[in-house]
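**Q** structure for the following, please:
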Amino acid sequence: MNRTPYIFGFDNVEFVKLIDLDFLNASITAVDPEVKTIVIQIVTPVDDRTDPRTLFINRTYKWDNTTNRYETLSETMETKRYR
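**A** Numbering: from 1, shown residues only. The predicted model follows:
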């Protein structure tokens, strides 16, 4: 709970953030070094008494050689309801 991955890299001068993450409750769920992608899952509970649920957002980031950062490639969302 309340964790966020931070990904830094050294650009020959200083350490810089390679992915801008703006959420809590996230974790890295997959890494593919051959195609240079990272999948991060964001878990967000929805506070709604009439329809309690949790959102699972999976964002795939791909390395961009032009910007030397990870850029968002795709995003999927899944909802799980609970009682």
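**Q** show the pLDDT at residue 81.
**A** Looking at residue 81, its pLDDT is 81.
**Q** nearest residue to it other than its sequence neighbours?
**A** residue 53 (4.5 Å; CB to CB, 6 or more residues apart in numbering). For every residue, glycine as well, the C-beta is placed using N, CA and C.
**Q** and the one you found, what does it touch?
**A** With contact set as CB atoms under 8 Å, 6 or more residues apart in numbering, residue 53 has these partners: 45, 46, 79, 80, 81, 82.
**Q** how close does the first one get to residue 56?
**A** As for residue 45, its distance to residue 56 is 11 Å (criterion: CB to CB, to the nearest Å).
**Q** and for the fourth one?
**A** Note on residue 80: its distance to residue 56, by CB to CB, is 7 Å.
**Q** returning to that earlier point: identify the bridge partners of the residue nearest to residue 81.
**A** residue 46, residue 81 (DSSP bridges).
**Q** same check, this time on residue 75
**A** Going by DSSP bridges, residue 75 forms beta bridges with residue 59.
**Q** same question, residue 16
**A** Residues in beta-bridge contact with residue 16 (DSSP bridges): residue 9.
**Q** list the contacts of it.
**A** By CB under 8 Å, 6+ apart, the neighbours of residue 16 are 8, 9, 10, 69.
**Q** out of the residues you listed, which end up buried?
**A** By neighbour count, with 16 or more other CB atoms under 10 Å, these hold residue 69 as buried.
**Q** pLDDT and distance to residue 37 added to the contacts of residue 16, as CSV?
**A** Output for those, formatted as CSV (pLDDT from 0 to 100; distance: CB to CB, whole Å):
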residue, pLDDT, distance to residue 37
8, 85, 18
9, 85, 15
10, 86, 21
69, 87, 13
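**Q** pick out the most distant pair among the contacts of residue 16.
**A** Greatest spatial distance in those: 10 and 69, 13.2 Å, computed using CB to CB.
**Q** skipping adjacent residues, who's closest to residue 39 in space?
**A** Residue 39's closest residue in space is residue 30 (CB to CB, 6+ apart), at 3.9 Å.
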